[in-house]
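S.K.: I'd like to go over a predicted model; first the sequence, then the structure.
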Amino acid sequence: MYDVVIIGAGPAGYTAGIYCSRARHNTLLISGILPGGQLMNTTDVENYPGFSDGIMGPDLMTVMRKQTEKMGTKIIDDEVTSVDFQTNPLKVKTASEEFEARTVIVCTGANPRKIGLDGEQTFAGKGVSYCATCDGAFFKDQELIVVGGGDSAMEEATFLTKFASTVHIIHRREEFRASKIMQERALANEKIKVHFNCTVKDIQGDQKFRKVILNNTKTNEDETLDAGGLFVAIGHEPNSKMFQNQLELDENGYVIIKNNTETSISGVFCAGDVHDHRYRQAVTAAGFGCMAAIDVDKYLAESKN
């Protein structure tokens, strides 16, 4: 029996562990098979406070893990296979064990949707990115490509014009699905060029990304587009499948939180990208982890009375 079981080991999970353990709660963190979250696929992180020269994403996660363990959180590198939040105590199961908890903090994160090409994986962190806010500043005065047609693609493209010489938006359909205001803002920007009815057929480079091969869906003709960076903005998928019949989720699968960080189930809290579809930053995930831990501390104190 643990006071707190944290599911997930990104910035949200580690920060929650630090705060829960410092509050003298018996805390277990189940990291998942690949601990560290999206930052494990990130190279330079310049926008996380405290590192004036920046830090590599995996290094930041290593430092966070050490700090969490030092505070007293028990960390196991296992994957949660199912949960039962209808019982008291709450139950969290892995392939090999079942844990009981007075409270649970869900920090399972989200993954960016991929185009699904080999080159995308090859050049991830080497010119291919899923976050303009994180990586845009590395591409000053270069031609950049944004793939997508929704609000996030318009937002990413508009943001990238602060740094890029030109931003090419690649969209497979004849019109965007983004909201009118987001479309107007992007299309009015003279640095943005739109390629409708085009799909990315191949992603190529050498040591880093260099170009894409586009296929015109109407003419079936191919075109090569050279660029310094490729930003994929076709949405995110929250890692929430195991909670489908346990917690209230929105239509896109994000965990719904109310009363600060508490979910639809009393004693179950949530932090990070599994509920946050707006900010999606390491620093905001860490902030939510802190908030969830403070909410847990208050909940445990009140439940003792």
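M.R.: Everything's here; your move.
S.K.: for the rest of this, base every contact and every neighbour count on C-alpha atoms.
M.R.: Noted.
S.K.: ok, and what's touching the helix or strand of the chain with the lowest mean pLDDT?
M.R.: Among the helices and strands of the chain, strand 44-45 carries the lowest confidence by mean pLDDT, DSSP states H and E, at a mean of 84. By CA atoms under 8 Å, 6 or more residues apart in numbering, the list of residues contacting strand 44-45 from outside reads 54-57, 134.
S.K.: so which of those are in helices?
M.R.: 57, 134 (DSSP state H).
S.K.: buried members of the contacts of strand 44-45 into ChimeraX, please.
M.R.: In ChimeraX, this line selects whichever of the contacts of strand 44-45 come out buried by 16 or more other CA atoms under 10 Å:
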select :55,56,57,134
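S.K.: adding distance to Ala285 and pLDDT, write the contacts of strand 44-45 out as JSON lines.
M.R.: Shown next, in JSON lines, are those (distance: CA to CA, whole Å; pLDDT from 0 to 100):
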{"residue": "Gly54", "distance to Ala285": "18", "pLDDT": "92"}
{"residue": "Ile55", "distance to Ala285": "17", "pLDDT": "94"}
{"residue": "Met56", "distance to Ala285": "17", "pLDDT": "91"}
{"residue": "Gly57", "distance to Ala285": "14", "pLDDT": "89"}
{"residue": "Cys134", "distance to Ala285": "14", "pLDDT": "87"}
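S.K.: now the helices for the stretch 101-250 of the chain?
M.R.: Counting by DSSP state H, counting those that start in this stretch, one finds helices in the stretch 101-250 of the chain at the ranges 118-122, 132-135, 151-160, 180-187.
S.K.: give me the below-cutoff pLDDT ranges for this protein.
M.R.: Across the chain, the ranges flagged by pLDDT under 70 are 305.
S.K.: can you pull up the most central residue in it?
M.R.: Ala110 (4.5 Å; CA atoms, centre = their mean).
S.K.: residues contacting that one?
M.R.: Taking CA under 8 Å, 6+ apart, one finds 236-239, 273-274 in contact with Ala110.
S.K.: what pairs with it across the strands?
M.R.: Counting by DSSP bridges, Ala110 forms beta bridges with Pro238.
S.K.: likewise for Val212?
M.R.: Ile203, Leu225.
S.K.: and it, how far from Ala153?
M.R.: 17 Å (CA to CA, to the nearest Å).
S.K.: who has more neighbours out of the two?
M.R.: Per other CA atoms under 10 Å, whichever of Val212 and Ala153 has more neighbours is Ala153, with 27 against 22.
S.K.: and the residue lying closest to Asp226 once chain neighbours are set aside, how many neighbours?
M.R.: If the residues on either side of it in the chain are set aside, Asp226 comes closest to Lys211, at 4.2 Å by CA to CA, 6 or more residues apart in numbering. Using other CA under 10 Å, the number of residues around Lys211 comes to 21.
S.K.: surely Lys211 is in contact with Gly205?
M.R.: Yes - assessed by CA atoms under 8 Å, Lys211 is found in contact with Gly205 at 6.4 Å.
S.K.: so who does Asp273 touch?
M.R.: Asp273 neighbours (CA under 8 Å, 6+ apart): 107-110, 238, 280, 285.
S.K.: who's in contact with the closest residue to it other than its chain neighbours?
M.R.: Spatially, and ignoring its direct neighbours in sequence, Asp273 is nearest to Gly109 (4.5 Å; CA to CA, 6+ apart). Contact analysis of Gly109 by CA under 8 Å, 6+ apart lists 8, 10, 37, 238-239, 272-275.
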